[in-house]
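Chemist: no letters, just coordinates:
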């Protein structure tokens, strides 16, 4: 999960991570071990936080046999505001992933780079998004508009065909080499797939 | 999308009486820019910005044929693409949105940094500018045949 300087200033680290996971997927219910695994931590470190968030009315708990499940309480009066805050900060990747996944195999690789990938962005920073595949900017515009509206920041896409990406990576194109050396957060793919696409 | 009345009230457009001469001059600019943007020896940045300018002038024809010109002090290009879509109708909206997205990239190309556009993007915008120009010409010939 990506970090956000804005969220870090507002909430303790573990609390913001719990809120991000639960409120960005409000339909899903989680049991503690599963949530701990998702956040790469121990269940014991989450217990007190989920209890406090439940007591505050932000989460609802249900029992199923011996298991206790947690999910976002969508009836909370602050649910939509809090979710909006999370979408604008740590929600970038899930929102972009939704839009990118809709293109299926036409998009081979997508990642953000620049200040947002380094988690150094301000609330108004543009989101630099690199896309590699068989897709044009014209195809992407409606999707990116939707994403921009949700996280309230402009997206600057850079679109490469896989052929051009491979050729420019091979020739150490200045811009591409700089991007590839810097921080990246994958929306689709991973470092291994990037290496394959770059040839 | 705003209406002509709203743009007039904000001072973003003014009423304007166009002429065949003005439209022909804009067409000549578009022909020049589309030809230049197709030159593969140029950088992707320059091809991108040149094709973008062709699309901007095509939008200006649509606005002029509707009896207006853009007078916005800021957001001149944004208003041009929005107003062109208002003039032409729903079939121009996807291209108007596309060129509005290109507007930000073109600003970076012309005023901030180099190597911003990819060849993939430059090739696409040349085709889209040609398509937009064709839509504007077809619409204008039907609506304002006297200018053609």
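Modeler: The structure has been received and is ready for your questions. The structure presented is a predicted model; accordingly, all values stated were derived computationally and were not measured.
Chemist: what about the residue of chain A found nearest chain B, is that helix, strand or coil?
Modeler: Here chain A gets closest to chain B at one residue, residue A:175, 4.0 Å apart by Cβ to the nearest Cβ. Where you see a C-beta, it was placed from the backbone N, CA and C, and this is true even at glycine. Per DSSP: H, G, I helix; E, B strand; the rest coil, the local secondary structure of residue A:175 is helix.
Chemist: so which bits of chain A are right by chain B?
Modeler: Neighbours of chain B within chain A, by Cβ under 8 Å from any Cβ of the partner chain: A:136-138, A:141-142, A:144-145, A:154, A:156-161, A:164, A:168, A:173-175.
Chemist: got the confidence number for the closest residue to residue B:95 other than its chain neighbours?
Modeler: Spatial nearest neighbour of residue B:95, chain neighbours left out: residue B:132 (4.8 Å); criterion: Cβ to Cβ, 6 or more residues apart in numbering or on different chains. If you check residue B:132, the pLDDT there is 97.
Chemist: okay, how far is it across stretch A:48-62, tip to tip?
Modeler: 17 Å (Cα to Cα, to the nearest Å).
Chemist: the residue of chain A closest to chain B - how many residues pack around it?
Modeler: 15 (other Cβ atoms under 10 Å in any protein chain shown).
Chemist: which residue, neighbours along the chain excluded, lies closest to it?
Modeler: Using Cβ to Cβ, 6+ apart, the closest residue to residue A:175 is residue B:115 (4.0 Å).
Chemist: can I assume that neighbour sits in a helix?
Modeler: No. According to three-state DSSP, residue B:115 belongs to no helix; its state is coil.
Chemist: wouldn't it be in contact with residue A:178 here?
Modeler: No. Using Cβ atoms under 8 Å, residue B:115 is not in contact with residue A:178, being 9.2 Å away.
Chemist: just the buried ones from the residues of chain A next to chain B?
Modeler: A:136-138, A:141, A:144, A:156-161, A:164, A:168, A:173 (16 or more other Cβ atoms under 10 Å in any protein chain shown).
Chemist: would a markdown table of these with pLDDT, secondary structure and distance to residue B:6 be doable?
Modeler: Below are these laid out as a markdown table (pLDDT from 0 to 100; DSSP: H, G, I helix; E, B strand; the rest coil; distance: Cβ to Cβ, whole Å):
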| residue | pLDDT | secondary structure | distance to residue B:6 |
| --- | --- | --- | --- |
| A:136 | 95 | coil | 32 |
| A:137 | 96 | helix | 29 |
| A:138 | 95 | helix | 27 |
| A:141 | 94 | helix | 24 |
| A:144 | 94 | helix | 26 |
| A:156 | 92 | strand | 28 |
| A:157 | 95 | strand | 30 |
| A:158 | 95 | strand | 34 |
| A:159 | 97 | strand | 33 |
| A:160 | 97 | strand | 39 |
| A:161 | 97 | coil | 40 |
| A:164 | 96 | helix | 42 |
| A:168 | 94 | helix | 44 |
| A:173 | 91 | coil | 44 |
